[in-house]
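Q: structure for this input, please:
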Amino acid sequence: MLELLPAPGMAAGLALVGAIAGVIRGLTGFGAALVIVPGLTLFMPPEQAVATNLLALTATNAMLLHGARKEADHRTVGVFMLACVVTLPLGVHLLTALPAEVLKNAIGISVIAASLLLARPRFRLASAGLPLKGLAGGLSGLMGGAVGMAGPPVILLLLALPTPAAVARASLILFFTLQNLVLLGLLLWAGLIDRQIVAWAVVVGVPLVLAGRAGELLFRRGWSAHFRPIAIGVLVLTGVAALVG
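A: The predicted structure is shown next:
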């Protein structure tokens with residue numbers, strides 16, 4: 001495994017990406033992939049960035065999952081999952097079939113669009129029925145498989161609903177954990193995960209865990225609202241970097 005570790009410069013870059021993503025995820029419950037995937041495309045092809053991101057997130061979700069299982073809206077998470085498992089295979093097919101440049105541009109555009117939507121004053125919904133939740137889950141599966149960023153559809157929907165912040169955060173953590181496990185199986189089947197990906201995921205995952213714990217402690221102390229503008233700015237910058245890198 002040691003011979004598969006990246007050179008010092010690349011290792012520092014991967015660790016920095018993981019640390020920034022960890023703080024954002026710990027504070028908000030989402031956003032890690034929106035940093036990791038475009039950040040990793042500066043060092044590796046898009047399909048490897050998606051696989052490394054997935055493995056790092058799947059391996060590090062345990063620290064956040066314990067509390068999330070108790071606070072999450074399990075009914076909503078279940079609807080999201082039923083819809084996303086239908087579209088995940090199509091997303092993985094696009095990941096393996098589309099040219100690298102197309103995928104890289106799609107990643108950058110997706111991050112910038114999601115960041116701008118999150119920055120807007122929130123639109124409000126009194127409630128959301130099964131069709132709307134199913135649509136959000138299906139789009140999440142498609143984006144998760146194709147560009148490794150499943151968050152925007154379900155995040156935007158939950159933020160629009162009158163859901164307590166802790167419940168929304170826990171629901172996102174639980175949903176992304178379950179979705180990542182399904183996607184992990186699909187990427188293994190497609191041959192996109194090997195020993196090199198595992199080594200890179202370790203380099204990203206260690207600072208992701210440590211910074212995620214710090215971000216969660218800040219969330220519990222009420223720092224989430226103050227951090228939101230900074231997080232959105234970081235997401236926009238990573239999206240631009242993916243486009244021009």
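
Q: the nearest residue to His74 once chain neighbours are set aside: neighbouring residues, count only.
A: Nearest residue to His74 in three dimensions, chain neighbours excluded: Leu174, at 7.7 Å (Cβ to Cβ, 6 or more residues apart in numbering). Every C-beta, even on glycine, is put in place using the N, C-alpha and C of the backbone. When neighbours are counted by other Cβ atoms under 10 Å, Leu174 registers 26.

Q: for Ala201, see how far away Leu82 is.
A: In this view, Leu82 and Ala201 are 28 Å apart by Cβ to Cβ, to the nearest Å.

Q: ok, the two, which is more surrounded?
A: It is Ala201, of Leu82 and Ala201, that has more neighbours when counted by other Cβ under 10 Å, with 24 against 15.

Q: quick check: which ranges of the chain have low pLDDT?
A: 1-2, 28-30, 62-64, 118, 120-123, 223-228, 230-231, 245 (pLDDT under 70).

Q: geometric centre of it: which residue is closest?
A: The centroid of the chain falls nearest to Ala33 when counting by Cα atoms, centre = their mean (2.9 Å).

Q: which ones are touching it?
A: By Cβ atoms under 8 Å, 6 or more residues apart in numbering, Ala33 lies in contact with Ala21, Asn53, Leu57, Gly148, Met149, Ala150, Gly151.

Q: circling back: assign the residue nearest to His74 to helix, strand or coil.
A: With DSSP: H, G, I helix; E, B strand; the rest coil as the basis, Leu174 sits in helix.

Q: quick one, what contacts it?
A: Leu65, Ala68, Arg69, Ala72, His74, Val77.

Q: for Arg213, see how far away the fourth one is.
A: Right, the one you point to is Ala72. 19 Å.

Q: pick out whichever of these two has more residues nearby.
A: Regarding Ala72 and Arg213, a neighbour count based on other Cβ under 10 Å identifies Ala72 as having more, with 21 against 16.

Q: show me the contacts for the more buried one.
A: Per Cβ under 8 Å, 6+ apart, neighbours of Ala72: Val167, Ala170, Ser171, Ile173, Leu174, Phe175.

Q: most neighbours among these, please name it.
A: Counting neighbours by other Cβ under 10 Å, Phe175 leads these with 29 neighbours.

Q: from memory that residue sits against Val77, does it?
A: Yes - counting by Cβ atoms under 8 Å, Phe175 does reach Val77; the two are 4.7 Å apart.

Q: so Pro46 touches Gly108, yeah?
A: No - the pair formed by Pro46 and Gly108 falls short of the contact definition of Cβ under 8 Å, at 10.2 Å.

Q: which of these two has more residues huddled nearby?
A: Set side by side, Pro46 and Gly108 show more neighbours around Pro46, with 26 against 22, by other Cβ under 10 Å.

Q: can you report how many residues lie near the residue nearest to that one when sequence neighbours are not counted?
A: Distances taken as Cβ to Cβ, 6+ apart place Leu103 nearest to Pro46, at 3.9 Å, with adjacent residues excluded. Leu103 sits with 25 neighbouring residues when counted by other Cβ under 10 Å.
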